[in-house]
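Got a sequence here, can you model it:
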Amino acid sequence: MGRIERYDVSSIEQPTRADLERLARRRLEARRRGCRLVLVGVGERLRLLLALTGLEEVFVIGGAAPPEEGAELEPDR
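Below you'll find the predicted structure:
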């Protein structure tokens, strides 16, 4: 997977099951396009929910905010 698709999730303050389903669909769509989905702006509650559900192993979590255009992103993992 060559390309990285950054997805800003900073607006998800009170994550729900629907949010997790939306993220899973977004990841699947990115993989189908040959991209690696990186979540940026992950809040504390979403991070905890991903950990509790085991999905932190599935998603790549990036920095606190989307980097500027053209900047390289280093995953936190």
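
So in terms of bridging, what pairs with the residue nearest the centre of the chain?
The residue lying closest to the centre of the chain (CA atoms, centre = their mean) is Leu39, at 2.1 Å. For Leu39, the beta-bridge partners are Tyr7, Ile61 (DSSP bridges).

dump the residue contacts of it.
Neighbouring residues of Leu39 by CB atoms under 8 Å, 6 or more residues apart in numbering: 7, 9, 23, 59-62. For glycine as for every other residue, the C-beta is placed from the backbone atoms N, C-alpha and C.

among those, which two are most distant?
Largest separation among those by CB to CB: Leu23 and Gly62, giving 13.5 Å.

Same drill for those two, tell me which one is more crowded.
Comparing Leu23 with Gly62 by neighbour count (other CB atoms under 10 Å), the higher total belongs to Gly62, at 24 against 21.

so how far is Arg31 from the more buried one?
Gly62 sits 17 Å away from Arg31, taking CB to CB, to the nearest Å as the criterion.

State the distance from the closest residue to Val58 other than its chain neighbours to Ala51.
Of all residues not flanking Val58 in the chain, Arg27 sits nearest, at 7.0 Å (CB to CB, 6 or more residues apart in numbering). Distance, Arg27 to Ala51, using CB to CB: 16 Å.

Show me the shaky parts of this structure.
1, 63-77 (pLDDT under 70).

one more time with 50
For the chain, the stretches flagged by pLDDT under 50 are 66-77.

Break down the chain into its strands, ranges please.
With DSSP state E as the criterion, the chain has strands at 3-8, 35-40, 60-61.

next one: the second one to chain centre, how far?
The reference is to strand 35-40. Centroid separation for strand 35-40 versus its chain: 5 Å, with CA atoms, centre = their mean, to the nearest Å.

Between strand 3-8 and it, find me the angle.
On the basis of axes from the mean of the first three to the mean of the last three CA atoms, to 10 degrees, strand 35-40 is oriented at 30 degrees to strand 3-8.

For Gly34, see how far away Val42 is.
23 Å.

what does stretch 27-38 contact?
With CB under 8 Å, 6+ apart, stretch 27-38 has contacts from 1-7, 26, 58-62, 73, 75.

how many neighbours does the nearest residue to Leu37 once chain neighbours are set aside have?
Excluding the flanking residues, the one nearest Leu37 by CB to CB, 6+ apart is Ala30, at 4.1 Å. By other CB under 10 Å, 18 other residues sit near Ala30.
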